[in-house]
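**Student:** could you look at this predicted model? Sequence included:
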Amino acid sequence: GAGVSQTPSNKVTEKGKYVELRCDPISGHTALYWYRQSLGQGPEFLIYFQGTGAADDSGLPNDRFFAVRPEGSVSTLKIQRTERGDSAVYLCASSSGQGGETDTQYFGPGTRLTVL
Amino acid sequence: GNSVTQMEGPVTLSEEAFLTINCTYTATGYPSLFWYVQYPGEGLQLLLKATKADDKGSNKGFEATYRKETTSFHLEKGSVQVSDSAVYFCALSPNAGNMLTFGGGTRLMVKP
């Protein structure tokens, strides 16, 4: 079946603008994660959804970042008043959400955000 | 908090050489441990995992053993190929279904 998809693949914006990044998880996966990967570094956790609710948003860096998942499937990461330091690859992952040894996270290809 | 430390790259090897990429972790309890790989131009892919102490994860000739006594999960391969050139990330999660904490990544370059 289809994997995790993310749109757009690339986004260039100007400092101060608002952006939305979309994630389509694997069908049937209830758990959805957002990570941010800066150049030359490992991904850093932002937020985790179980169903429609944000089960853990402790990784969001500040209140300019917000994410929603209104119907428990597609998720949108929203960044207000973008700053140059927000430039990174934003990764989405999904898993079955059932826990245990088989609950593997599958990653999308990412959205590369560049803030000029 | 949880953290993962892995050896800095790049690691440059000739084809058929033996590979070790070191990974150590800090975590409370009994985390699950993972190696993810990112090939050029592609997304992160799970390479292997181990969910309890002394478990060995293996895939595509790669192996890693969960060593609780040394808090390590070193990645090994007996004979690397040019196609193994990629960035390798060690990661942990406190439970198999929770968020991942990643190391900084190690770039492997294999020359023919």
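**Tutor:** The structure has been received and is ready for your questions.
**Student:** rest of the way, CA atoms for contacts and neighbours
**Tutor:** Fine.
**Student:** near chain A, which residues of chain B show up?
**Tutor:** B:42-46, B:51, B:89, B:95-97, B:99-105 (CA under 8 Å from any CA of the partner chain).
**Student:** out of those residues, which are buried?
**Tutor:** Among the residues of chain B next to chain A, those classed as buried by 16 or more other CA atoms under 10 Å in any protein chain shown are B:43-46, B:51, B:89, B:95-97, B:99-105.
**Student:** now do the strands in chain A.
**Tutor:** A:5-7, A:10-13, A:19-24, A:31-37, A:44-50, A:53-56, A:65-68, A:75-79, A:88-95, A:106-107, A:111-115 (DSSP state E).
**Student:** make JSON lines out of those strands and add mean neighbour count.
**Tutor:** Below are the strands of chain A laid out as JSON lines (neighbours: other CA atoms under 10 Å in any protein chain shown):
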{"stretch": "strand A:5-7", "mean neighbour count": "21"}
{"stretch": "strand A:10-13", "mean neighbour count": "14"}
{"stretch": "strand A:19-24", "mean neighbour count": "20"}
{"stretch": "strand A:31-37", "mean neighbour count": "26"}
{"stretch": "strand A:44-50", "mean neighbour count": "23"}
{"stretch": "strand A:53-56", "mean neighbour count": "15"}
{"stretch": "strand A:65-68", "mean neighbour count": "18"}
{"stretch": "strand A:75-79", "mean neighbour count": "20"}
{"stretch": "strand A:88-95", "mean neighbour count": "26"}
{"stretch": "strand A:106-107", "mean neighbour count": "22"}
{"stretch": "strand A:111-115", "mean neighbour count": "20"}
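**Student:** by mean pLDDT, show me the worst of these.
**Tutor:** Comparing mean pLDDT across the strands of chain A, the weakest is strand A:53-56, with a mean of 85.
**Student:** can I get it in PDB, CA atoms only?
**Tutor:** The C-alpha coordinates for strand A:53-56 follow below in PDB (Å, rounded to 0.1, in the frame of the first residue of the first chain):
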ATOM      1  CA  GLY A  53      -5.700  14.500  19.900                       C
ATOM      2  CA  ALA A  54      -2.200  15.600  20.500                       C
ATOM      3  CA  ALA A  55      -0.900  13.100  23.000                       C
ATOM      4  CA  ASP A  56       2.500  14.900  23.400                       C
END
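**Student:** can that strand be said to contact chain B?
**Tutor:** No. Strand A:53-56 stays out of contact with chain B when judged by CA under 8 Å from any CA, the minimum separation being 8.8 Å.
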